[in-house]
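Participant: My questions concern the predicted model and sequence given below.
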There are 2 protein chains.
Amino acid sequence: MRKVTMADVAKHANVSKSTVSQYLNSRFDYMGKATKKRIEQSILELGYQPNAVARSLKQKKTFTIGVIVANILHSFSTQVIRTIEDICHENNYHVIVCNADDSPKKEKKYIEMLMAKQVDGLIVFPTGGNIELYESLVKNRYPLVFMDRIVPDVPVDTVILNNEKASELAINHFVKKGYERIGIITTSLIQKITPRIERIEGYKKALNKRSIAVQDEYVRGIEIKEITASLEAMFSLPKPPQAILAGNDLSLMEVLRYARDHKKQIPQDFALIGIDEVSFASIYSPALTIIKQPTLAMGEKAATLLIEKIEKADTEKEIQVYRFEPELVVRESC
Amino acid sequence: MRKVTMADVAKHANVSKSTVSQYLNSRFDYMGKATKKRIEQSILELGYQPNAVARSLKQKKTFTIGVIVANILHSFSTQVIRTIEDICHENNYHVIVCNADDSPKKEKKYIEMLMAKQVDGLIVFPTGGNIELYESLVKNRYPLVFMDRIVPDVPVDTVILNNEKASELAINHFVKKGYERIGIITTSLIQKITPRIERIEGYKKALNKRSIAVQDEYVRGIEIKEITASLEAMFSLPKPPQAILAGNDLSLMEVLRYARDHKKQIPQDFALIGIDEVSFASIYSPALTIIKQPTLAMGEKAATLLIEKIEKADTEKEIQVYRFEPELVVRESC
DNA sequence: CTGTTAGCGCTTTCAC
DNA sequence: GTGAAAGCGCTAACAG
């Protein structure tokens, strides 16, 4: 079955293409009732479906945005993506999601592919490894929003958690429960990923504020696979930690795995708080006390911010970092 | 900064657009070394980026496929989507994912949007509520693959689990462990969703095969929120079940929640097997015995099948249902 | 109120 | 080896 085009409809309804176009774009201002009816009829009869590609070419607008996430494995990413998609679909935008897999090279490839596809804007969880590319996007006034991570010296609106506060909430709760020897463990720090850096920073500040000395042996930012070993070392110290703050969902799972494998009881043997909500937090034994990111609000902010940028390209708005407040959800692990 | 087009490159390199086009499409067959160099140079200098929309319009090919998932909340969906994306990106296709949220109306809207966007093909986890639409896609020979669910009488290649076998594996394991009073609980059956129907069917057949009578009070297909109540009823029976088969990940979590809330020990108070792998299966206490779907193989099959259809539009291949074999992963819950 | 016209940026014969 | 020209399906002035 050959594709039926606007020209076919026009012919069938005995009008010109432009009239059909008007009709499709609801510019009924001065359209004759009869013409309208005829066009409607023809569209139905022929089973006409507009071709968005042709329209995009002409309008220079695809109603599609791209989302490039640094690592799709984090629950945070998937949660945020979900709300971004919701908001976009409400606004009739489509979303193409790409997973950079923590690789700047992949990130670059995806940004280029998405731009070739003429997406109207980009939400990026930046790997941080493509400063020049980011800068060229900014220079070209390409609608862009960063999520979760700050890229120093590149002026882009950024939606991010108040990470220091997240650690502070955890420390406060630990201390309130009587714990003083508190460890923090998170994934690798070599890439200077904002949340990890800031969470450790917040951890240190919070301890200082309460005049608890920071012990370097209690602080680890390492590869997932080494977390177990790291924990083993930490708990072999003369004074092992009494509590652990897991810097993100993946670390949290490793800590749980460690506890299981070493028959450590939580919170009896050590108390535990994780940053990031995980699907099983409330059904785990013990139910997990966690610091929750407001993923809904954050995804919504990023999406609306981007759509705004797209639709009001001119209005100069100041570049901002939007910090969102974490929330302590107390359950049983501390 | 104005967009630089192929015409700009052509002018700058002192060749015609068609030559540039040739260059971009690596048709170097008879191209002069010098011209090649000049074009290369110009592209770099001007920072030219091809416009895929224009190309798509001409070629009638977008290198984009759509995936419409019935319900994104299932871990199965996200796992499959992930591998579909991987395979597609390997083949230079982009993926637009839409969540129909179990609503045929949304599904319809998304199918139409995606077709308007001229996606080259569609992988659908069908809600089952749009038979006519599916049929019209088939009639128009639109590249289409169904996933996870069979739509009766609509001839579309379908990738799906051997669901009856999944139940059978579970029953076999239960029986081997000495359990005979085995319940099954899964999400609502009113929509006649293939996996749920087949898993219950498989459960019954497997029991029959071992001459265990099927007790209707042990079989429930209901809304998520009612699972707890249902379980309470089941365990209040004079002869409560000794083992529970959870029909999917969401049901599994509800069963776990029930066990927690009612202080039931697994597997002492009842044994448990779930269908679908969940992220926390190995770190839960007890570690969860589950039936795993080969999501990787399934996603890969769906994606390659679709790409094949797209790229060899003509070659008539027979419509098939591809059944994949589940696998029992024994841990501690049974 | 509706039709004519001129592209959007690219690919693709077919000449030269 | 390279260029000219037509056209993909649609939109947007501008006429009439």
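Facilitator: Arrived safely. Remember, it's a predicted structure, so these values are computed and weren't measured experimentally.
Participant: quick one: buried residues of stretch A:14-21?
Facilitator: Residues A:15, A:19-21 are the ones in stretch A:14-21 that count as buried (16 or more other C-beta atoms under 10 Å in any protein chain shown). The way it works is simple: take the backbone N, C-alpha and C, and place the C-beta from them, glycine included.
Participant: Over to stretch A:110-125?
Facilitator: Applying 16+ other C-beta under 10 Å to stretch A:110-125 flags A:110-111, A:113-115, A:117-125 as buried.
Participant: And for stretch A:84-92?
Facilitator: For stretch A:84-92, burial by neighbour count (16+ other C-beta under 10 Å) applies to A:84-89.
Participant: Check stretch A:241-252 too.
Facilitator: A:241-252.
Participant: can you list those in a markdown table and add distance to chain B, pLDDT and secondary structure?
Facilitator: Output for these, formatted as a markdown table (distance: C-beta to the nearest C-beta, whole Å; pLDDT from 0 to 100; DSSP: H, G, I helix; E, B strand; the rest coil):
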| residue | distance to chain B | pLDDT | secondary structure |
| --- | --- | --- | --- |
| A:241 | 20 | 97 | coil |
| A:242 | 21 | 97 | coil |
| A:243 | 19 | 98 | strand |
| A:244 | 15 | 98 | strand |
| A:245 | 18 | 98 | strand |
| A:246 | 12 | 98 | strand |
| A:247 | 17 | 97 | coil |
| A:248 | 14 | 96 | coil |
| A:249 | 9 | 97 | helix |
| A:250 | 10 | 96 | helix |
| A:251 | 13 | 97 | helix |
| A:252 | 10 | 98 | helix |
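Participant: from these, which is closest to residue A:292?
Facilitator: Within the buried residues of stretch A:241-252, distances to residue A:292 taken as C-beta to C-beta reach their minimum at residue A:249, with 11.2 Å.
Participant: Beyond the helix or strand that contains residue A:95, next helix or strand please.
Facilitator: Per DSSP states H and E, residue A:95 falls inside strand A:94-99. Sequence-wise, the next helix or strand downstream of strand A:94-99 (DSSP H and E) is helix A:104-116.
Participant: Any residue of that following helix touching chain B?
Facilitator: Yes: using C-beta under 8 Å from any C-beta of the partner chain, helix A:104-116 comes into contact with chain B via A:112-113, A:115-116.
Participant: before we move on, what about stretch A:44-58?
Facilitator: Yes: counting by C-beta under 8 Å from any C-beta, chain B is contacted by stretch A:44-58 at A:49-54, A:56-57.
Participant: Now do stretch A:116-123: distance to the chain's middle.
Facilitator: Distance of stretch A:116-123 from its chain centroid, counting by C-alpha atoms, centre = their mean, to the nearest Å, is 17 Å.
Participant: Which residues outside it are in contact with it?
Facilitator: Stretch A:116-123 is contacted from outside by A:56, A:60-68, A:84, A:93, A:96, A:111, A:114, A:137, A:142-147, A:302-303, A:306-307, A:309-310, B:49-53, B:64, B:94, using C-beta atoms under 8 Å, 6 or more residues apart in numbering or on different chains.
Participant: How about stretch A:222-232?
Facilitator: A:185, A:187-189, A:220, A:244, A:250-251, A:254-255, A:257-258, A:261-262.
Participant: got those as a markdown table, with secondary structure columns?
Facilitator: Shown next, in a markdown table, are those (DSSP: H, G, I helix; E, B strand; the rest coil):
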| residue | secondary structure |
| --- | --- |
| A:185 | strand |
| A:187 | strand |
| A:188 | coil |
| A:189 | coil |
| A:220 | strand |
| A:244 | strand |
| A:250 | helix |
| A:251 | helix |
| A:254 | helix |
| A:255 | helix |
| A:257 | helix |
| A:258 | helix |
| A:261 | helix |
| A:262 | coil |
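Participant: Buried only: go through the residues you listed for me.
Facilitator: A:185, A:187, A:220, A:244, A:250-251, A:254-255, A:257-258.
Participant: just the helices in chain A please.
Facilitator: A:6-13, A:17-24, A:33-46, A:52-59, A:75-90, A:104-116, A:131-139, A:163-176, A:194-209, A:227-235, A:249-261, A:295-311 (DSSP state H).
Participant: of the ones you listed, which approaches residue B:298 most closely?
Facilitator: helix A:75-90 (19.5 Å).
Participant: average pLDDT across that closest one?
Facilitator: Across helix A:75-90, pLDDT averages out at 95.
Participant: Which other helices and strands does that helix contact?
Facilitator: Helix A:75-90 sits against strand A:64-69, strand A:94-99, helix A:295-311, strand B:94-99, with contacts defined as 3 or more C-beta pairs under 8 Å, 6 or more residues apart in numbering or on different chains; DSSP states H and E.
Participant: quick check: angle from that helix to strand B:94-99?
Facilitator: 80 degrees (axes from the mean of the first three to the mean of the last three C-alpha atoms, to 10 degrees).
Participant: Helix B:104-116 and helix A:75-90, what's the angle between them?
Facilitator: Using the same axes, to 10 degrees: helix A:75-90 against helix B:104-116 is 80 degrees.
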